[in-house]
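Chemist: need a structure here:
(one chain, ligands or ions: 1)
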Amino acid sequence: MKALICHAFGPIDQLRVEDMPDLVPGPGEVVLRVRAAGVNFPDALIVQNLYQFKPTPPFSPGGESAGEVLAVGEGVTRFKVGDAAIALTIWGGFAEQVRVREDQLFALPEGMPFEVAGALLLTYGTCLHALRDRANLQAGQTVLVLGAAGGIGTATIELAKAMGARVIAAASTAEKLDLCRRLGADECINYREQNLRDELKRLTGGQGVDVVMDPVGGDLAEQALRSMAWRGRYLVVGFTDGQIPRLPLNLVLLKGCAIVGVFWGDFIRREPAAAAQDLHDLVAMYRDKRIHPLISGRYTLQDAPQAIAALAERRAQGKLIVLP
Ligand SMILES: NC(=O)c1ccc[n+]([C@@H]2O[C@H](COP(=O)([O-])OP(=O)(O)OC[C@H]3O[C@@H](n4cnc5c(N)ncnc54)[C@H](OP(=O)(O)O)[C@@H]3O)[C@@H](O)[C@H]2O)c1
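Modeler: Here you go, the predicted model:
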């Protein structure tokens, strides 16, 4: 089988497609024939040894994928050869085959194309857990989304709108904000050209925002925290800016607000029943056409490094996928 291989941590352009032996499942494991694999920011981090999970090279990046079961190991009970499934593996997905533990595998919902299935769970799963479970978002409340045209950003816009919230999308270019508007954002702020705090004050009549979704970090974080409403919830999701912000805690006291961590990977491991309910709800929302994952680019395995680089270099919009 062919796989995109990282031989040593380093630049994304060192990744190469190579012929590898076919995978064999161990006890409790399943091998999936990958049809589509979503590209996420952690793919760029993991090959550069900048992510919290550190596989031993050689390995393939690619944290989420969808395809058919090729082989099952001893003791596997929920899947059989030929079943369509979604794998959440943190790495290994940018390959023709991926080996997963049975508990990392979810049955592919009937009627869901592989492309959607391979690009849905990581971002929409994170955002549903963040907005509903961690922020207790209510209809009528206001959500600020930073990096709003990215994978996490676009999923947040759709889910927050589906939950009845007012969405303020913030991003770095007019083109990205056009996309946010098309996805349903009520208001847009270009944080390269406009002052985030002034605009938020104006758009909320001085009340501030109830929920901040922050996958970016850096200097935007303190501006967003200063723009929160009483009893607001600030969701810490990621640091694409590269800088982990240090925030003055007096602001949290003065606003009676909460800074809330979101770690979806551990949530699904520690609370599988709650995660399964979220998956069920996401599938229902997809079937009802309340969410429409936006796939803006499709790449071969050979071109997968270009897709990873597009995220690392801030050029991607919505989701990119690899079709091995
Ligand atoms: N906590 C969790 O459970 C969890 C789960 C999934 C993902 N994440 C994290 O969420 C973050 C977003 O992931 P994603 O897949 O949505 O990424 P993405 O599609 O690349 O979107 C990230 C956005 O960040 C903004 N950004 C600001 N500075 C940037 C920089 N220096 N380089 C690149 N982008 C920059 C960009 O928007 P503008 O150009 O408009 O600023 C970009 O659209 C990542 O840090 C990821 O690790 C966390």
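
Chemist: what's the burial count for the closest residue to the ligand within the stretch 1-150 of the chain?
Modeler: Taking CB to the nearest ligand atom as the measure, the point where the stretch 1-150 of the chain comes nearest the ligand is G150, at 2.0 Å. Quick note: C-beta positions are derived from backbone N, CA and C, even for glycine. Using other CB atoms under 10 Å, G150 has 26 other residues around it.

Chemist: what residues does the closest residue to M1 other than its chain neighbours make contact with?
Modeler: Beyond its immediate neighbours in the sequence, the residue positioned closest to M1 (CB to CB, 6 or more residues apart in numbering) is E96, lying 4.1 Å away. Contacts for E96 (CB atoms under 8 Å, 6 or more residues apart in numbering) come out as M1, K2, A3, R33, V34, L301, P324.

Chemist: what helices and strands are in contact with whichever strand or helix holds the third one?
Modeler: Applying DSSP states H and E as the criterion places A3 in strand 2-5. Counting contacts by 3 or more CB pairs under 8 Å, 6 or more residues apart in numbering; DSSP states H and E, the secondary-structure elements packed against strand 2-5 are strand 16-19.

Chemist: after the strand it packs on comes which helix or strand?
Modeler: Of the helices and strands lying after strand 16-19 in sequence (DSSP H and E), the nearest is strand 29-39.

Chemist: does any bit of that following strand sit next to the ligand?
Modeler: No - Strand 29-39 stays clear of the ligand (CB under 6 Å from any ligand atom), getting no nearer than 7.7 Å.

Chemist: so in that sheet, which strands flank that strand, and in what orientation?
Modeler: Based on DSSP bridges, the strands next to strand 29-39 in the sheet, each with its direction, are strand 64-72 (antiparallel), strand 97-101 (antiparallel), strand 319-322 (antiparallel).

Chemist: so for the helix or strand just after the second one, what gets flagged as buried?
Modeler: Sequence order places strand 105-107 as the next helix or strand after strand 97-101, per DSSP H and E. Residues of strand 105-107 classed as buried by neighbour count (16 or more other CB atoms under 10 Å): L105, F106.

Chemist: what helices or strands is strand 105-107 leaning on?
Modeler: Short answer (3+ CB pairs under 8 Å, 6+ apart): strand 105-107 packs on strand 84-88.

Chemist: tell me the strands beside the strand it packs on, with direction?
Modeler: Strand partners for strand 84-88, identified by DSSP bridges, are recorded as strand 64-72 (antiparallel), strand 105-107 (antiparallel).

Chemist: against which helices or strands is the next helix or strand after the last one packed?
Modeler: This points to strand 105-107. Moving toward the C-terminus from strand 105-107, the next helix or strand (DSSP H and E) is helix 114-128. Counting by 3+ CB pairs under 8 Å, 6+ apart, the packing neighbours recorded for helix 114-128 are strand 29-39, strand 64-72, strand 84-88, helix 151-162, helix 264-270, helix 272-287, strand 295-299, strand 319-322.

Chemist: near the ligand, which residues of the stretch 151-300 of the chain show up?
Modeler: Contact residues, the stretch 151-300 of the chain versus the ligand (CB under 6 Å from any ligand atom): 151-153, 171-172, 176, 215-216, 237-242, 262-265.

Chemist: give the buried subset of the residues you listed as a PyMOL selection command.
Modeler: The PyMOL command for the buried members of these (criterion: 16+ other CB under 10 Å) is given here:
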select buried, resi 151+152+153+171+172+176+215+216+237+238+239+240+241+262+263+264+265
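
Chemist: so can I have JSON lines of the helices and strands packed on helix 114-128 showing mean pLDDT?
Modeler: Converted to JSON lines, the helices and strands packed on helix 114-128 look like this (pLDDT from 0 to 100):
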{"stretch": "strand 29-39", "mean pLDDT": "98"}
{"stretch": "strand 64-72", "mean pLDDT": "98"}
{"stretch": "strand 84-88", "mean pLDDT": "96"}
{"stretch": "helix 151-162", "mean pLDDT": "98"}
{"stretch": "helix 264-270", "mean pLDDT": "95"}
{"stretch": "helix 272-287", "mean pLDDT": "94"}
{"stretch": "strand 295-299", "mean pLDDT": "97"}
{"stretch": "strand 319-322", "mean pLDDT": "98"}
